[in-house]
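> dropping the sequence and predicted coords here.
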Amino acid sequence: MTVDSAVPVRGIGSAFEPVGTDVGDRNVLGRVVFSDLGVQPAIADGVPTVIVPMGGGFQEVFTSERPVRTGVDGRLVYAEDGERLFCAARIDRRGVYRDTVRIAYDSAFELITRLGYPQVLRMWNLVGGIIDDNADGLEIYRDFCIGRAEAFDTWAGRVGRIPAATGIGTRGQDVYLYFLAGTPDAEPVHLENPHQTPAYEYPDEYGPKSPSFARATYVDGTLYVSGTASIIGDETVRHGDVLGQTEVTLANIADLIGAENLDRHGVSGGFTLADLDQVKVYVRDAADIPLVKARCEEAFSPDADVVYLNVDVCRPDLLVEIEGIVR
Ligand SMILES: C=C(O[C@@H]1C=C(C(=O)O)C=C[C@H]1O)C(=O)O
């Protein structure tokens, strides 16, 4: 690893830890508990806390070097440290998500711009029933993507460019959103993968509005890698072959974070899969987890935190998806 990998003096620290680990005297911006049942985001122990129905039995904690201030704004909970912000919301299960998703994103963008954090740095979208049909017969992920794209269109020029994200299924209903954002001087670099069509340019065969995310975002010496799957160009490859899909996914991430692609985006350095940490591996079929895990253990550092979550991916033909960070 390079100097860039040091714990940032500014920016957001993050860790996976056992559920219920004490906040202690840490400055915690947000806590996401991966559990069996989801709960409306709230301030708990003075910390914005989201309990998401993903299984897993761990918590993801975002920390700051600086004192934080927490708040509640409508249905959003948040914490800010003067440079970086965490916020979270839940959208309750409904027949059609489009308008409510747009409103939730609008509210989040309104909050972050009002508080002075217009740079969106990383977004997670946990979508219950992601590949099920909504009340109109449209796949819920496609329904979700419409509302999100409408909000990004409305706020173009006022919030920063579209950052890294994850859009993944859950083991429950409802939709959970959590975001990281920064002050205007945050200067994130959003990366694309030369082997993958930018998601915001996917053709309409994948839905009326393209998904709004970049393949990775580099900020504060941290590279946030979006949820990545077995997609080349815009097409799913290695249908029905979970190991093949894992291989393509790992190769996509390796190409994304490697020196050549970073250089193409004006970022110095270059990373390999062994540098990836806080890895979430999403596997559609529980029975596939041992196979996927065996392959991932070869690819990632033995020191990396890696969790395996049994949830649907955003296309019915995707069996596996992987995200992580490099510091
Ligand atoms: C796997 C893909 O997309 C997924 C969906 C995302 C979203 O809609 O925010 C982001 C990354 C992935 O979790 C892909 O299109 O390659």
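Right, received. Where do you want to start?
> what about residue 136, neighbour count?
Neighbour count of residue 136, defined by other Cβ atoms under 10 Å: 9. For glycine as for every other residue, the C-beta is placed from the backbone atoms N, C-alpha and C.
> likewise residue 135?
So residue 135, with other Cβ under 10 Å, has 11 neighbours.
> hang on, it packs against residue 95?
Yes. Assessed by Cβ atoms under 8 Å, residue 135 is found in contact with residue 95 at 3.2 Å.
> ok, the residue in the stretch 51-200 of the chain that the ligand sits nearest to to residue 138 distance?
For the stretch 51-200 of the chain, the residue closest to the ligand is residue 167, as judged by Cβ to the nearest ligand atom, at 2.6 Å. For residue 167, the distance to residue 138 equals 15 Å [Cβ to Cβ, to the nearest Å].
> who has more neighbours out of the two?
Each of residue 167 and residue 138 has its neighbours counted (other Cβ under 10 Å); residue 167 has more, 24 against 17.
> tell me what the more buried one is bridged to.
Residue 167 has the following beta-bridge partners by DSSP bridges: residue 125.
> got a list of what it touches?
Counting by Cβ atoms under 8 Å, 6 or more residues apart in numbering, residue 167 touches 125, 127, 130, 141, 144, 145, 211, 213, 227, 314.
> and it, what pLDDT?
pLDDT for residue 167: 98.
> that one and residue 136, how far apart?
19 Å.
> repeat that for residue 284.
Taking Cβ to Cβ, one finds residue 284 at 24 Å from residue 136.
> what helix or strand is the nearest residue to residue 30 once chain neighbours are set aside on?
Spatial nearest neighbour of residue 30, chain neighbours left out: residue 86 (3.5 Å); criterion: Cβ to Cβ, 6 or more residues apart in numbering. Take DSSP states H and E as the rule and residue 86 turns out to sit in strand 84-91.
> quick check: next helix or strand after that strand?
helix 98-115.
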